[in-house]
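In: Take a look and give me a structure for this.
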Amino acid sequence: MNHNVNPQAGKPADSSTVIDVSKLIAAYYAERPDPMVAAERVVFGTSGHRGSSFNRAFNEWHILAISQAICEYRRAQRIAGPLFIGRDTHALSGPALESALEVLAANGVETMIAARDEYTPTPAVSHAILTFNRGRTSGLADGIVVTPSHNPPDDGGFKYNPPHGGPADAHVTSWIEARANELLAAQLKGTARVPLEQALRASTTHRYAFLDAYVDDLSSVIEMDVIRRSGVKLGVDPLGGAGVHYWKPIADRYGLNLTVVNDVVDPTFRFMTVDWDGRIRMDPSSPYAMQRLIGLKDRFDVAFACDTDHDRHGIVAHSAGLLPPNHYLCVCVHYLFAGRPRWSGHAAVGKTVVSSSAIDRVAAARQRQIYETPVGFKWFVQGLLDGSLAFAGEESAGAAFSRLDGRVWTTDKDGITAALLAAEITAQTGRDPGEWYRALTAEVGDPVYERIDVPASADDKRALASLSKADVHVSDLAGEPIQQIVTVAAGNHESIGGIKVVAASGWFAARPSGTEDLYKIYAESFRSSEHLRTIQVEAQTIVREALARAGTSAASHDRR
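Out: Below is the predicted model:
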């Protein structure tokens, strides 16, 4: 439980939390980032470059520089096919897409923009890239998604997906980041650009029906006929995001008994209930942000929501309300690996090192291997692409899985198919995902899981990211012998950027935040809430002492 929950959490947004969109967009064009200030440089985190124009972290110059760097990267890698570009409903996404188009057209890049200027979910871009590239070995496509995901309304975001269709690897983003910052330092000298009107009329700019292509193909990944025949009552809240106009065509195309409970698009997102810290955030895994749909659960057999770019899911079961992401991931693994007979018997389950160990237990019951990685969906891309992974999920409510025939569907997170899978499960089995999770706990245990945030200096964060097993000088965790100390993920042998300590009935992992002055402690107990609290307290002590030995002065460890 977070001890600093804002009194307004879960309540409708008031005027003090609503952004001034005109000022935000004006700042996008007027403010110039200083490349000598770290906070104003281009920085690609796990999901692209993000920030607000108000603090000069996401402005026109950033997007012009990043777009030029992507054009140069494409040339260097001989990526000669079309670039699919989509945007979400954040206020800065429209201006950023226009800035990118000006650079892409000037560089002669064949660019596919949405028909009818429609908003475009992240999975629809990934699907388009993979559909175009199927069977090709040259002239491959790639893509850009203009989105800061579920971040607050004043943020913008810009991410690049190479020809594999998923999030770019660190070696790609580091190259783009470095080149973009060079261009910023040179006052954009070397950046090609044409006026927007010219870019839109350019022979290299084309319209692509992302919505039609994606919706028409859904029956290859979800048993849509099963949902239709059952008549199961479905509710969806797009949270004002990029998939807002996808849900009615989905319902119409497949004859679903589906109600869109909110189809408002408003870049202030003033219709949201605010998150734990009193800010507007379109996070479908947050019980505070999801209060409206939770309140409607008795109207539907199962309901769901997606974040602003529709790559994350939130499942509201009639029986249980909002399911924690780890609970739903367990249900997905249990159902899919029994209900997809055409999948390879060798395909594994992808999970991050900070996801629930209940997933491991469910996978073992289904006789499937676990492929455990550091945090970041990019680590699952190759496995989803080549079929060695049939399902991959993150504790932050992101998941993707194979088509019915075992071929790749998307290599980026897909909140739409994750949501529709909840409908398929309910229709096919007569039990909603909440009921299924409760049944699974009898088999794999009933864990308690929580993430807390701890203040940390930049030095602390750097030290935490490089801790070794030798830095942990304890042998017990919450009264049990420590079985494992993990600094490298078992699946791909990559550094987890922190440390994980495992005992028989509980574990914790600590890793630094990429954007804030804090580190995150993920912890789980298969005993009780009290046992979890003990793990969390001991985790903070273990980390503090390890950081002290590393020569840093750990910050105060009050929970946030």
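In: ok, D169 - how many residues close by?
Out: By other CB atoms under 10 Å, 15 other residues sit near D169. C-betas here are computed from N, CA, C, even on glycine.
In: Give me the contacts around the helix ranked longest in the chain.
Out: When the chain is parsed with DSSP state H, its longest helix is helix 529-549. With contacts defined as CB atoms under 8 Å, 6 or more residues apart in numbering, helix 529-549 is touched by 448-450, 452, 454, 460, 463-464, 467, 471-474, 477-479, 499, 501, 505-508, 510, 519, 521, 523-525, 554, 557.
In: element containing the nearest residue to Y449 once chain neighbours are set aside?
Out: Distances taken as CB to CB, 6 or more residues apart in numbering put E524 closest to Y449, at 4.5 Å, once the chain neighbours are dropped. Assessed by DSSP states H and E, E524 sits inside strand 518-525.
In: which residues sit against the helix or strand of the chain with the lowest mean pLDDT?
Out: When the helices and strands of the chain are compared on mean pLDDT, DSSP states H and E, strand 44-45 comes out lowest with a mean of 85. With CB under 8 Å, 6+ apart as the test, strand 44-45 has contacts from K159, A168, T173, S174, I176, E177, G514, T515.
In: In helices, which of the residues you listed fall?
Out: T173, S174, I176, E177.
In: Can you go through these and name the buried ones?
Out: Among these, the ones that count as buried by 16 or more other CB atoms under 10 Å are T173, I176, E177.
In: now, which of those sits nearest Y288?
Out: Nearest to Y288 among those is T173, at 31.1 Å by CB to CB.
In: G398 versus that closest one, what's the distance?
Out: T173 sits 18 Å away from G398, taking CB to CB, to the nearest Å as the criterion.
In: Repeat that for S220.
Out: Taken as CB to CB, the span from S220 to G398 is 21 Å.
In: Between the two, which is the more surrounded one?
Out: Using other CB under 10 Å, the more surrounded residue of S220 and G398 is G398, with 26 against 13.
In: give me the number of residues near the nearest residue to L467 once chain neighbours are set aside?
Out: Spatial nearest neighbour of L467, excluding adjacent residues (CB to CB, 6+ apart): I499 at 4.8 Å. Neighbours of I499 under the rule other CB under 10 Å: 24.
In: now the strand holding E524: mean pLDDT?
Out: The predicted model gives strand 518-525 an average pLDDT of 95.
In: Run through the neighbouring helices and strands of that strand.
Out: strand 448-455, helix 458-465, strand 506-512, helix 529-549 (3 or more CB pairs under 8 Å, 6 or more residues apart in numbering; DSSP states H and E).
In: Between helix 529-549 and that strand, find me the angle.
Out: Strand 518-525 runs at 140 degrees relative to helix 529-549, counting by axes from the mean of the first three to the mean of the last three CA atoms, to 10 degrees.
In: Each with direction, which strands does strand 518-525 pair with?
Out: Using DSSP bridges, the strands paired with strand 518-525 in its sheet are strand 448-455 (antiparallel), strand 506-512 (antiparallel).
In: that older thread, let's have the contacts of strand 44-45 in CSV, adding distance to T441 and pLDDT.
Out: Formatted as CSV, the contacts of strand 44-45 follow (distance: CB to CB, whole Å; pLDDT from 0 to 100):
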residue, distance to T441, pLDDT
K159, 36, 97
A168, 38, 96
T173, 39, 96
S174, 42, 96
I176, 44, 97
E177, 43, 97
G514, 33, 72
T515, 34, 66
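In: With respect to D14, which of these is nearest?
Out: Nearest to D14 among those, with distances taken as CB to CB, is T515, at 25.7 Å.
In: List the contacts of the closest residue to A458 other than its chain neighbours.
Out: In space, and not counting its chain neighbours, A458 is closest to D517: 7.2 Å by CB to CB, 6+ apart. If you count contacts by CB under 8 Å, 6+ apart, D517 has them with P455, A456, S457, A458, K461, A555.
In: Same question for D266.
Out: By CB under 8 Å, 6+ apart, D266 lies in contact with G240.
In: Could you measure from it over to R292?
Out: 14 Å.
In: for Q77, same thing?
Out: Q77 is 44 Å from R292, by CB to CB.
In: The two - which one has more neighbours?
Out: R292 (17 against 14).
In: hmm, back to that, find the pair from the ones in helices among the contacts of strand 44-45 with maximum spatial separation.
Out: When CB to CB is used, the two most widely separated members of the ones in helices among the contacts of strand 44-45 are S174 and I176, lying 7.5 Å apart.
In: quick one, what contacts the closest residue to I250 other than its chain neighbours?
Out: Of all residues not flanking I250 in the chain, V215 sits nearest, at 5.5 Å (CB to CB, 6+ apart). Going by CB under 8 Å, 6+ apart, V215 touches Y246, P249, I250, R253.
In: Distance of V215 relative to D263?
Out: Taking CB to CB, one finds V215 at 16 Å from D263.
In: same thing with F54?
Out: 29 Å.
In: Between these two, which is the more surrounded one?
Out: The neighbour comparison of F54 against D263 (other CB under 10 Å) goes to F54, with 17 against 13.
In: Tell me the pLDDT of that one.
Out: For F54, the pLDDT comes out at 97.
In: again with L547
Out: 88.
In: Enumerate the positions of stretch 427-445 that are buried.
Out: A427, R431, D432, P433, G434, E435, W436, Y437, R438, L440, V444.
In: Would you reformat those as a markdown table and include pLDDT?
Out: Listed next are those as a markdown table, based on pLDDT from 0 to 100:
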| residue | pLDDT |
| --- | --- |
| A427 | 98 |
| R431 | 98 |
| D432 | 98 |
| P433 | 98 |
| G434 | 98 |
| E435 | 98 |
| W436 | 98 |
| Y437 | 98 |
| R438 | 98 |
| L440 | 98 |
| V444 | 96 |
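In: Of the contacts of D517, which is the most crowded?
Out: Among those, A456 has more neighbours than the rest - 27 neighbours, counting by other CB under 10 Å.
In: and A128, how far is that from L477?
Out: Distance, A128 to L477, by CB to CB: 46 Å.
In: still on that earlier bit, name the strands paired with the least confident helix or strand of the chain and say parallel or antiparallel.
Out: Pairing partners of strand 44-45, with direction, according to DSSP bridges: strand 48-52 (antiparallel).
In: After the strand it pairs with, which helix or strand is next?
Out: Past strand 48-52, the next helix or strand by DSSP H and E is helix 60-77.
In: Okay, buried residues for that next one please.
Out: Those would be 60-74, for helix 60-77 by 16+ other CB under 10 Å.
In: Kindly indicate which of those lies nearest S47.
Out: I66 (13.7 Å).
In: I'd like the distance from the closest one to G278, if you could.
Out: I66 is 31 Å from G278, by CB to CB.
In: How about A400?
Out: Relative to G278, A400 is positioned 32 Å away (CB to CB).
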